[in-house]
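[1] When you get a sec, could you give me coordinates for this:
(one chain, ligands or ions: 2)
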Amino acid sequence: KFSEECSYTGITLTRYMIEFARANPELAELESILASIQTACKTISTLVRRSSMTGLVGLQGGGGSVNVQGEEQKKLDVITNDVLKNALKFSGKMATLASEEEDAPVALDEDDNYDAYRPKDIVIEEGNKYIAVFDPLDGSSNVDAGIPTGTIFGIFDEGDQTCVVDEGLPLTAAEQECLASTLRPGNALIASGYCLYSSATHFVFTLGAGVQGFTLDESNGEFVLTHPDIMLPPRGKIYSLNEGNRWAWDNALRDYVTAIQKGEGESGVAYTSRYIGSMVGDVHRTLLYGGIFAYAGDKKNVNGKLRLLYEAAPMSFLVEQAGGKAVTGLHRIMDIVPSGVHQRVPVIMGSPDDVAECQKYYTAES
Ligand code: AHM
Ligand code: MG
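    Ligands and ions are numbered 1, 2, ... in the order given. Here you go, the predicted model:
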């Protein structure tokens, strides 16, 4: 038994990224960015798992209140945002960060990138700078009930759109405008992924050439490749959406869901329902088992609930890289140019044949 464990090392995420950088020198900088994200995700995984003992809460509005031991409670989403932000800053590769937890994009200057904790003798070569978009703990209000949560991220190359932002707040109108202009559509992403905190911690990502899934091996603290080259089945038997909104949905979605429930869809199979209410968990299951996940627009919220920049677009990139489709109903999500950091879009994603079938209902009713 002992020798079996010793001989098993597997492909770690660190090793995978070293090989990737060697094979793709033009994208070598992604290695240190992914290293930062993987470290942050390990920390967040521990914070989430120990939150009941440490007084960190996921509940909305929990921050600032006092727990039964008389300690001040902190909100997990605030802390996890700092964890990810600091890890990314430390990579020395970041120009701008946009997070669900920040009102506006945050510009990083040299001081941020070369922060006080970096040993002074380490000099990072100037190279490309990148833009990171992320939701540090999506579904954080679920944590207190032991329900899965996740971190979602996307990386863009900054390109030529460098913004010069002077010290001091508030930002000027010109600075704000420049930072906003760094926001790109999903089709410009060079990497995206998520970390799922559930029965195990899974790190699933794409660098634009397929989707790789790693699982945290708690015995040595390494992410190990467990799901190489994830491909969505062309069709599944599961639909995943909040049916409480059924009577507010567009007719297109209601008609489609009714058809697959009754086994009257294209496959003739009656679909079953699974909905966690935590996007990372719902998308992870969809990637592995197939089927369709949606948070569509409805009469109350015409653009649904999910945010384009740091939820819908990174997940769409993953789903497409796994052979799936991701649309708003009529349009491909990856092509939408964001008009603001927190813009919402309707989301329908999953197995290509399921999403295409659903899309036909939208086309017919448009
Ligand atoms: P959050 O970003 O405030 O955590 O909300 C996003 C979450 C997603 O993970 C999930 O798909 C959706 O909200 C569920 O919403 P609902 O409770 O309306 O079904
Ligand atoms: Mg979110």
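[2] can we go C-alpha only for contacts and neighbour counts from here?
    Will do.
[3] The helix ranked longest in the chain and ligand 1, are they touching?
    Identified as the longest helix of the chain according to DSSP state H is helix 30-49. No: judged by C-alpha under 6 Å from any ligand atom, helix 30-49 stays clear of ligand 1, getting no closer than 13.9 Å.
[4] Buried residues of that helix, list them for me.
    By neighbour count, and taking 16 or more other C-alpha atoms under 10 Å as the criterion, the buried residues in helix 30-49 are 30-42, 44-45, 47-48.
[5] what's around Pro25, how many residues?
    If you count neighbours by other C-alpha atoms under 10 Å, Pro25 ends up with 10.
[6] Name the helix or strand for Ser316, please.
    In this assignment (DSSP states H and E), Ser316 forms part of helix 313-321.
[7] Just the residues contacting that helix, thanks.
    Under the criterion C-alpha atoms under 8 Å, 6 or more residues apart in numbering, residues 152-154, 185-187, 189, 191-193, 205-206, 208-211, 232, 283, 287, 325-326, 333-334, 349-350 lie in contact with helix 313-321.
[8] Identify each buried residue in the following helix or strand past it, please.
    Note on helix 313-321: by DSSP H and E, the next helix or strand toward the C-terminus is strand 325-327. Applying a neighbour-count criterion of 16+ other C-alpha under 10 Å, one finds 325-327 buried in strand 325-327.
[9] and strand 325-327, what other elements does it pack with?
    helix 313-321, strand 347-350, helix 352-365 (3 or more C-alpha pairs under 8 Å, 6 or more residues apart in numbering; DSSP states H and E).
[10] could you dump these to JSON lines with distance to ligand 1 and mean pLDDT?
    Conversion of the helices and strands packed on strand 325-327 to JSON lines gives the following (distance: least, C-alpha to the nearest ligand atom, whole Å; pLDDT from 0 to 100):
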{"stretch": "helix 313-321", "distance to ligand 1": "11", "mean pLDDT": "98"}
{"stretch": "strand 347-350", "distance to ligand 1": "10", "mean pLDDT": "98"}
{"stretch": "helix 352-365", "distance to ligand 1": "17", "mean pLDDT": "97"}
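[11] Tabulate these (CSV), appending distance to Phe223 and mean neighbour count.
    Written out in CSV, the entries for the helices and strands packed on strand 325-327 read as follows (distance: least, C-alpha to C-alpha, whole Å; neighbours: other C-alpha atoms under 10 Å):
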stretch, distance to Phe223, mean neighbour count
helix 313-321, 19, 28
strand 347-350, 25, 30
helix 352-365, 29, 18
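[12] ok, what's across the strand from Asp217?
    On the basis of DSSP bridges, Asp217 is bridged to Glu222.
[13] SS state for the residue nearest to Glu31 when sequence neighbours are not counted?
    Take Glu31 and drop its neighbours on the chain: the residue closest to it by C-alpha to C-alpha, 6 or more residues apart in numbering is Met17, 5.5 Å away. Classification of Met17 by DSSP: H, G, I helix; E, B strand; the rest coil places it in helix.
[14] I'd like the numbering to begin with 12 instead of 1 from here.
    Understood, numbering begins at 12; the last thing we discussed is Met28.
[15] Could you check how far Met28 is from Ser47?
    Look at Met28 and Ser47: by C-alpha to C-alpha, to the nearest Å, they are 12 Å apart.
[16] next one: Leu24
    With distances taken as C-alpha to C-alpha, Leu24 is found 12 Å from Ser47.
[17] Output the buried residues of strand 336-338 as CSV; include the columns pLDDT and distance to ligand 1.
    Below are these laid out as CSV (pLDDT from 0 to 100; distance: C-alpha to the nearest ligand atom, whole Å):
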residue, pLDDT, distance to ligand 1
Lys336, 98, 17
Ala337, 98, 14
Val338, 98, 15
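[18] Save those as a markdown table, and put in distance to Lys371 too.
    A markdown table is the format used below for the buried residues of strand 336-338 (distance: C-alpha to C-alpha, whole Å):
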| residue | distance to Lys371 |
| --- | --- |
| Lys336 | 13 |
| Ala337 | 14 |
| Val338 | 12 |
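[19] got the residues of the stretch 12-161 of the chain near ligand 1?
    Taking C-alpha under 6 Å from any ligand atom as the criterion, the contact residues of the stretch 12-161 of the chain with ligand 1 come out as 149-151.
[20] let's see 8 Å
    Taking C-alpha under 8 Å from any ligand atom as the test, the list of the stretch 12-161 of the chain residues beside ligand 1 reads 111, 146, 148-152, 160.
[21] Just among the residues you listed, which is most surrounded?
    Neighbour count (other C-alpha under 10 Å) singles out Leu148 as the most crowded of these, with 30 neighbours.
[22] That residue in helix, strand or coil?
    Going by three-state DSSP: Leu148 is strand.
[23] Now Gly103. Its backbone dihedrals?
    Dihedral pair for Gly103: phi 70, psi 10, per degrees, to the nearest 10.
[24] So, low pLDDT: which residues of this protein?
    Judged by pLDDT under 70, the chain has its weakly predicted residues at 12-20, 66-85, 120-138, 171-183, 185-193.
[25] Past the strand or helix carrying Asp93, which element shows up next along the chain?
    Secondary structure from DSSP H and E places Asp93 in helix 87-101. Beyond helix 87-101 in the direction of the C-terminus, DSSP H and E gives the next helix or strand as strand 105-110.
[26] Can you name the residues that contact Glu322?
    Each residue near Glu322 by C-alpha under 8 Å, 6+ apart is listed here: 145-146, 163-164.
[27] Helix or strand: which one has Glu112?
    Following DSSP H and E, there is no helix or strand that holds Glu112.
[28] That one against Asp88, yeah?
    Yes: in terms of C-alpha atoms under 8 Å, Glu112 counts as a neighbour of Asp88; the distance is 7.5 Å.
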